[in-house]
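Asks: here is a sequence together with a model predicted from it:
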Amino acid sequence: MRAVGILLIALLITTFGAVEIARLSAAQTEAPGERARRILREVDDLWRGDSSHGIFTMQVKTAHYTRSMRLEAWTKGKEKTLVRILAPLKEKGTATLKSENSIYSYLPRTDRTVRLTSGMMMGSWMGSHFTNDDLVKESRMEDDYTPRISFEGERNGRKTIEFTLIPKPEAPVVWGKVVATVLAEGYLPLTQIYYDEDMAVARTFTFSDIKPLAGRPRPTVMRVVPADKPEEYTEIVYERLELNLGIDDAFFSLASLKRH
Amino acid sequence: MNILSFAIRNVKRNWHRTLVTTSAMGFAGMIMILYASLMEGLFQASERNAVAMDLGDIQIHAHGYRRDPDLYTRIADANHLVQSLQQAGLHATQRLYGFGLAAAGSSSAGVQLRGIDLKNETTVTQIHRHLMQGRWLDRSDPHGVVVGRKLARTLNVKVGDEVVIVSQATDGSMANDLYRVRGILKSVGEEIDRAGFFMIAPAFRELMVLPEGAHEITIMRPERSASLEAATTAVKTLAPRYEVMSWRELRPLIAAILGLADTHILFALLVTYVAVAMVVLNAMLMSVFERIHEFGVMKAIGFGPGQLTLLVYTETLIQVAAASVLALLGGLPLSGFFERHGIDLSAFVSSVSFAGIALDPVWQAYVTRRSVVMPIVALFVIAGIAVIYPAVKAAVIRPVKAIYYR
């Protein structure tokens, strides 16, 4: 039994080492733009993979209320997302389905499913600092932005890489630019600062509390602070995350929206 | 006296021309009385729809609410304030506003949720009588709602259909509930038609988790003749901590357009009457040229230029007076008819909007002293101007030349 364990560990080390060596050698030969894109792709895949299932809590603090929710989410690719409220009791069962470019909400209180109109897209998603539009346009940075490495080296005692992302002209993005910082080791995201079209800071994402999650260390806490209301925030804390489960497309249907 | 009998004789002598000129003027006058009455009706309906349906005379908001209509920017002591306004002899009601998504079947639309204080609202606005279908809100039916005309069409709902509302409550939770359409409003204003979703205040408070306060207090003077400015000042002293504005300040554009009613009618009169002026000018010019020989003789036997001018003017005056009688005889009953029956435009357009105020598709005239007097006075003025040239022509005739004029 013990031998099997050691064998497994050895195997893991070898595999991981091989991957690491391959990556390092690749880094030496590839073009700078290519490298930036590859790192971004890894960051994008960090929580989503091909498909994902996770449980997280979301805490929202605004000038008017503080609320905490426990949510369960499934994703597939970047087009499909289903989020269901587990707690509080008052809103339990409320679910949001994002499929292609539409958002549907299932409301257990009225047992109705509602499709959000374009007018509601800039509205808050479940009272948080995310808009419904964030959910629809949840973009892969690699697809929508042209990245440039704007800093690489030691910052706050950690080796970091900073990217400046300029939206591609045709990308459906409302931001002027995004500045993303990742740890040089493992490419774990640290911050993402979103600038509006006038290049003023609009909101800041901070990633922290790196813990093993779905098989590797990942930041488990993500906090968003809107620039115009610095005392407010929305914080997402991952409890559980499983990646690449092979969820069926049919799962992201209006019928499963209602299922409890 | 002499001049008058001369003039009457002259007018009678060429009665064909007199008939044509007089009926042209009379017809134009009649049409202008009708037009002015219709415009008067339009302005009256606009003001009524703007003020009596929604806006009220005076509104109170918390500072900053109008710039950013935030659910949290409220008048905290609204109950108390409404009471003290009512004690001061004004009609007042409090209102709650929120934004949400309404969905019915597969259609959905953004709506403006309006929480209505049933008892007080009826003293302030007439909206409860302005229903196209169904009935107004009722205390006993907390889930019964009244929706705007275009909204009903967008959502494809009729009276009795279900509508789901989704919004964000004050505690950040997802506000949602099921309502049933009780009534659909007639056209009131662009905002209400497109997005108005009326519910009783307790239902609004429950949905939005909003136990107290109000977003707006709307006030109406009990007497329309009372001064709006004085009432506004009175309200300001009662609500010193809030923003108090009269409807003229709230909707300066509408106020300005309605204030321009006189100018507007006058301008239309001017345009129409230029044509009338040409008819008059032509007729009088002809009658002068035709009688140059006669005028020459008159001058030779001692008529002065002033007397000839007076003669031409008197002839015109007689014709305009006759035309005015025609205009009144035709215009008053015609306008009266359209005041009673209105012009139904619904066959051509689904809604009529004027200066951003939606109007009933039935356009009613409104006969006022102004709408009758202005066209008649304008007719006299225009004819008086048109006849200057023929009159002067007659006055400056040299007798010898005129006598030999062929």
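Replies: Sure thing, it's come through. Numbering: from 1, shown residues only, chains lettered A, B, ... in the order given.
Asks: give me the secondary structure label for B:Q83.
Replies: Local secondary structure at B:Q83 is given as helix here, using DSSP: H, G, I helix; E, B strand; the rest coil.
Asks: same question for B:S5.
Replies: Classification of B:S5 into helix, strand or coil gives helix, according to three-state DSSP.
Asks: what does A:L71 give?
Replies: When classified by three-state DSSP, A:L71 comes out as strand.
Asks: residue ranges with poor pLDDT in chain B?
Replies: B:1, B:225, B:262, B:349-360, B:406 (pLDDT under 70).
Asks: could you look up the SS state of the closest residue to chain A within it?
Replies: Evaluated by CB to the nearest CB, chain B has B:G172 as its residue closest to chain A, separated by 3.1 Å. No exception for glycine: its C-beta is placed from N, CA and C like everyone else's. Three states are possible here, and by three-state DSSP the one that applies to B:G172 is coil.
Asks: and A:V224, by the same measure?
Replies: The three-state label given to A:V224 by three-state DSSP is strand.
Asks: number of nearby residues for it?
Replies: If you count neighbours by other CB atoms under 10 Å in any protein chain shown, A:V224 ends up with 20.
Asks: excluding chain neighbours, what is closest to B:A62?
Replies: Beyond its immediate neighbours in the sequence, the residue positioned closest to B:A62 (CB to CB, 6 or more residues apart in numbering or on different chains) is B:T73, lying 4.9 Å away.
Asks: just checking, that neighbour is part of a helix?
Replies: No. With three-state DSSP as the criterion, B:T73 is assigned coil and is not in a helix.
Asks: now do the contacts for the residue of chain B closest to chain A.
Replies: Contact analysis of B:G172 by CB atoms under 8 Å, 6 or more residues apart in numbering or on different chains lists A:60, A:62, A:64-65, A:67, A:126-127.
Asks: please redo it, this time with the cut-off set to 10 Å
Replies: Remark: with contacts taken as CB atoms under 10 Å, 6 or more residues apart in numbering or on different chains, B:G172 is in contact with A:60-62, A:64-67, A:69, A:124, A:126-128, B:209.
Asks: one more: A:H64?
Replies: A:127, A:232, B:70-72, B:170-172.
Asks: distance check, it against A:T234.
Replies: Distance from A:H64 to A:T234, counting by CB to CB, to the nearest Å: 14 Å.
Asks: shared neighbours, those two?
Replies: Between them, A:H64 and A:T234 share these contacting residues under CB under 10 Å, 6+ apart: A:G127.
Asks: now do the contacts for B:V387.
Replies: For B:V387, the contacting residues are B:277, B:280-281, B:283-285, B:288, B:309, B:312-313, B:315-317, B:319-320, taking CB under 10 Å, 6+ apart as the criterion.
Asks: among those residues, which are in helices?
Replies: Secondary structure assignment (DSSP state H) places B:277, B:280-281, B:283-285, B:288, B:309, B:312-313, B:315-317, B:319-320 from these within helices.
Asks: the residues you listed: which two are farthest apart?
Replies: Based on CB to CB, the longest span within these runs between B:A277 and B:T309 and measures 18.1 Å.
Asks: so what's B:S84 closest to, chain neighbours aside?
Replies: Counting by CB to CB, 6+ apart, the nearest residue to B:S84 once its immediate chain neighbours are dropped is B:L238, at 5.6 Å.
Asks: touching, that neighbour and B:L85? I think so.
Replies: Yes. The pair B:L238 and B:L85 qualifies as a contact (CB atoms under 10 Å) at a distance of 6.1 Å.
Asks: list residues touching both of those two?
Replies: With contacts taken as CB under 10 Å, 6+ apart, the residues that reach both B:L238 and B:L85 are B:60, B:92, B:219.
Asks: how about the last one, phi and psi?
Replies: Think B:I219. With angles defined as degrees, to the nearest 10, B:I219 sits at phi -120, psi 140.
Asks: which ones are touching it?
Replies: With contact set as CB under 10 Å, 6+ apart, B:I219 has these partners: B:56-60, B:82, B:85-86, B:88, B:90-93, B:124, B:231-232, B:234-235, B:238-239, B:244, B:246-247.
Asks: what comes up buried for the helix or strand hosting B:L332?
Replies: In this structure, B:L332 is located in helix B:305-341 according to DSSP states H and E. With burial defined by 16 or more other CB atoms under 10 Å in any protein chain shown, the residues of helix B:305-341 counted as buried are B:307-320, B:322-324, B:326-328, B:330-332, B:334-335, B:338-339.
Asks: now stretch B:212-223
Replies: For stretch B:212-223, the buried set under the neighbour-count rule, 16+ other CB under 10 Å, comprises B:213-221.
Asks: show me which of B:L238 and B:L85 is the more surrounded one.
Replies: Neighbours of B:L238 and B:L85, each counted by other CB under 10 Å, are more numerous for B:L85; the result is 23 against 17.
Asks: chain center to the one helix or strand B:S37 maps to, what's the gap?
Replies: Secondary structure from DSSP H and E places B:S37 in helix B:15-47. Per CA atoms, centre = their mean, to the nearest Å, the displacement of helix B:15-47 from the mean C-alpha position of its chain is 18 Å.
Asks: ok, and for it, which residues are buried?
Replies: For helix B:15-47, a neighbour-count test (16+ other CB under 10 Å) marks B:17-18, B:21-22, B:24-47 as buried.
Asks: same check on stretch B:172-183?
Replies: Within stretch B:172-183, the residues that count as buried by 16+ other CB under 10 Å are B:172-177, B:179, B:181-183.
Asks: dump the residues you listed to CSV, plus distance to A:I149.
Replies: Converted to CSV, these look like this (distance: CB to CB, whole Å):
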residue, distance to A:I149
B:G172, 39
B:S173, 42
B:M174, 41
B:A175, 45
B:N176, 46
B:D177, 51
B:Y179, 54
B:V181, 58
B:R182, 62
B:G183, 62
